[in-house]
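Student: Have a look at this prediction, sequence included:
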Amino acid sequence: MSVAMVTFFPVSKPFSIFHNRSSVSLRIKHDLPKRRRMVSKASHTARQGLAVEDDFNAFLEILPRDLRDNLLNEPKSAQLLEVILDLGRLPEARYLGECGGKYLRNTEVSMEELEFAQNAVGEFGGDNRAGIEGTLHRISAIRSRNGVIVGLTCRVGRAVRGHVDMVRDLLPFGESILFVGRPGVGKTTVMREIARVLSDEVNRRVVIVDTSNEIGGDGDIPHAAIGGARRLQVPEPSMQHRIMIEAVENHMPEVIIVDEIGTEAEALACRSIGERGVMLIGTAHGERLENIIKNPTLSDLVGGIETVTLGDAEARARRCKKSILERKALPTFPFLIEMRERHYWVTHWTERSVDMLLHGRRPQVEVRRRNDQFEVVIERGIYDGFEI
C-alpha cells in the first residue's frame with residue numbers, strides 16, 4: 001500500500017479519516033513525515049502485552065492422558081490453536097502462525113478416546129458443534145454416513161484483553177462495523193471484547209446473538225469475558241435471523257453482536273436492525289471487501305450492486321461503457337474491517353470504498369497495526385485490492 005502518513009493517537013481523542021464524512025482529498029507522499037508520538041493509556045497496557053485467559057486445564061481434561069502430558073510439557077502451549085482427533089489417525093496439534101501440525105504420539109486415535117471426549121463436553125447441536133461448560137473452547141464433530149462421530153476438532157477459546165485497542169476509536173460513534181477475514185485470524189475474539197467494552201466502559205445495552213456459544217461460551221451462564229452484555233442462545237443455526245429480530249423487539253438493545261452472518265435471511269435481518277437505529281457488530285464469511293461485494297447472498301451488507309444502463313451522452317461524459325455496476329443502497333455496515341492478520345487490519349469506509357471499486361478505482365483506507373512496542377499505529381494508504 002502507498003502510505004500517506006503514520007499517527008500514534010490517544011484513544012480519548014481519536015483521529016480517523018472516516019470521522020469527517022465530507023469529501024477528503026489527501027496527497028500521497030513518498031517520504032513519510034516525522035512521526036508524532038502520542039501514547040495513550042491503552043498503549044501502555046498494550047506495550048506490556050495482551051492479557052490472555054484460556055481455561056487451558058479444562059481443555060486438557062477432554063483429551064487422553066498421554067496427550068495432556070505432551071501438551072503441558074510443550075513450550076508453545078500458549079500458541080496452541082486446536083487439537084485434531086480423527087479415528088484411526090495420529091492425534092495432531094496445530095499452532096498459531098505455523099503451517100501444518102505436529103503429531104502428539106505414534107499411536108492412532110481409538111473409538112474409546114473419541115467417546116471419552118464426547119462425554120466430557122456438552123451436547124452437539126445441529127451444526128455439529130459443542131463446548132465445555134464455563135469456557136470458550138469449541139469442539140466440532142465429523143460424523144460418518146451413519147451419524148457416528150469419527151473425528152473431533154478441539155479448538156482452544158481465549159479471552160484476550162487489549163485486542164480491542166485496534167478499533168477502540170471507532171466504537172463511541174455508534175456506527176455498525178463488519179469484520180471479515182480468514183478462519184482463525186481472531187474475529188470472534190475481537191467481537192467478545194467489543195461486547196465487554198461497549199457494555200462496561202461505554203455503558204451501552206448490548207445483546208449478543210450467540211449461535212454456537214462461541215462468543216459467550218458453553219452453558220447457561222455466559223463467560224465473564226463478555227462483561228455485562230446479555231446473551232441470546234440460538235437453538236438451531238437456521239434460526240439465527242429470527243433470534244436477531246427477537247432481540248431487537250423484546251430486549252431494547254442499543255448494540256447487537258452477531259457472529260458468522262452467512263445467509264440472505266441474516267443479511268436482511270441485519271438491514272432491518274440497522275434501519276431501527278441499532279448498532280451492529282458482526283462478522284461475515286469472506287477475506288476481503290471484494291468477496292462480500294461479489295457474494296450475491298451477502299452483498300446487501302455493503303449496499304448491494306445492480307447493473308445500470310446509461311444513456312449515450314452520460315456514457316460519453318463518464319468515458320465508460322453503457323452498462324455499469326452501481327451500489328443500489330446505503331451499506332448496512334458503514335465500516336468494514338479486513339483482518340489480514342491478528343495485528344494487521346485494513347479499515348474501509350464502506351460506502352466510499354464500494355463506489356470506488358465499482359468504478360475501477362482504488363479507495364483510501366486506514367491500515368491499523370501494532371508496532372514493535374505493541375502500540376496501535378494507524379496509516380493512511382491506498383487499497384491494494386482488485387477492481388470489481
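Tutor: Now that the structure is in, tell me what you want to look at.
Student: I'd like to know how far the residue nearest to residue 98 when sequence neighbours are not counted sits from residue 304.
Tutor: In this structure, residue 98 finds its nearest non-sequential neighbour in residue 79, 7.9 Å apart by C-beta to C-beta, 6 or more residues apart in numbering. Where C-beta positions appear, they are placed from N, C-alpha and C, glycine not excepted. When C-beta to C-beta, to the nearest Å is the yardstick, residue 79 and residue 304 sit 40 Å from each other.
Student: Next: residue 72.
Tutor: Using C-beta to C-beta, residue 72 is found at 51 Å from residue 304.
Student: Likewise for residue 87?
Tutor: If you measure residue 87 against residue 304 using C-beta to C-beta, the figure is 45 Å.
Student: Please pull up the helix or strand immediately following the lowest-mean-pLDDT helix or strand in the chain.
Tutor: Least confident helix or strand, the chain: helix 41-47 with a mean of 34, by mean pLDDT, DSSP states H and E. Sequence-wise, the next helix or strand beyond helix 41-47 is strand 51-53, with elements assigned using DSSP states H and E.
Student: So what are the sheet partners of that following strand and their directions?
Tutor: The pairing partners recorded for strand 51-53 under DSSP bridges are strand 159-161 (antiparallel).
Student: so what pLDDT did residue 356 get?
Tutor: Reported pLDDT at residue 356 in the predicted model: 92.
Student: right, and it touches residue 349 too?
Tutor: No. Because the distance of 10.1 Å does not satisfy C-beta atoms under 8 Å, residue 356 is recorded as not touching residue 349.
Student: Packing partners of the helix or strand hosting residue 293?
Tutor: Assigned by DSSP H and E, residue 293 belongs to helix 289-294. With contacts defined as 3 or more C-beta pairs under 8 Å, 6 or more residues apart in numbering; DSSP states H and E, helix 289-294 has these neighbours: strand 177-180, strand 335-341, helix 350-358.
Student: Buried residues, that helix. List them.
Tutor: With burial defined by 16 or more other C-beta atoms under 10 Å, the residues of helix 289-294 counted as buried are 289, 290, 291, 292, 293.
Student: One more: stretch 268-282?
Tutor: Of the residues in stretch 268-282, those buried under the neighbour-count criterion (16+ other C-beta under 10 Å) are 268, 269, 270, 271, 273, 274, 278, 279, 280, 281, 282.
Student: between these, which is closest to residue 378?
Tutor: Of all the buried residues of stretch 268-282, the one sitting nearest residue 378 is residue 281; the distance, using C-beta to C-beta, is 19.7 Å.
Student: could I get the buried residues of helix 289-294 as CSV with pLDDT and distance to residue 225?
Tutor: CSV is the format used below for the buried residues of helix 289-294 (pLDDT from 0 to 100; distance: C-beta to C-beta, whole Å):
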residue, pLDDT, distance to residue 225
289, 96, 29
290, 94, 32
291, 94, 29
292, 95, 27
293, 94, 33
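Student: All the helices of the chain, residue numbers only.
Tutor: Under the criterion DSSP state H, helices of the chain are mapped to 41-47, 56-60, 65-72, 111-120, 187-196, 240-251, 264-275, 289-294, 312-318, 350-358.
Student: for the shortest one, which positions count as buried?
Tutor: Buried positions in helix 56-60, judged by neighbour count with 16+ other C-beta under 10 Å: 56, 58, 59, 60.
Student: from what I can see the first one touches residue 158, true?
Tutor: Spelled out, that is residue 56. No. With contacts counted by C-beta under 8 Å, residue 56 stays clear of residue 158, the gap being 9.0 Å.
Student: ok, residue 262 to residue 109 distance?
Tutor: Applying C-beta to C-beta, the value for residue 262 to residue 109 is 30 Å.
Student: no wait, residue 157
Tutor: Between residue 157 and residue 109 the distance, using C-beta to C-beta, works out to 22 Å.
Student: rewinding a little: how about the buried residues of helix 289-294 in a markdown table, adding distance to residue 382?
Tutor: Below are those laid out as a markdown table (distance: C-beta to C-beta, whole Å):
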| residue | distance to residue 382 |
| --- | --- |
| 289 | 14 |
| 290 | 15 |
| 291 | 19 |
| 292 | 20 |
| 293 | 18 |
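Student: Would you tell me which of the helices and strands packed on helix 289-294 gets closest to residue 376?
Tutor: Comparison of the helices and strands packed on helix 289-294 against residue 376 by C-beta to C-beta identifies strand 335-341 as nearest, at 13.3 Å.
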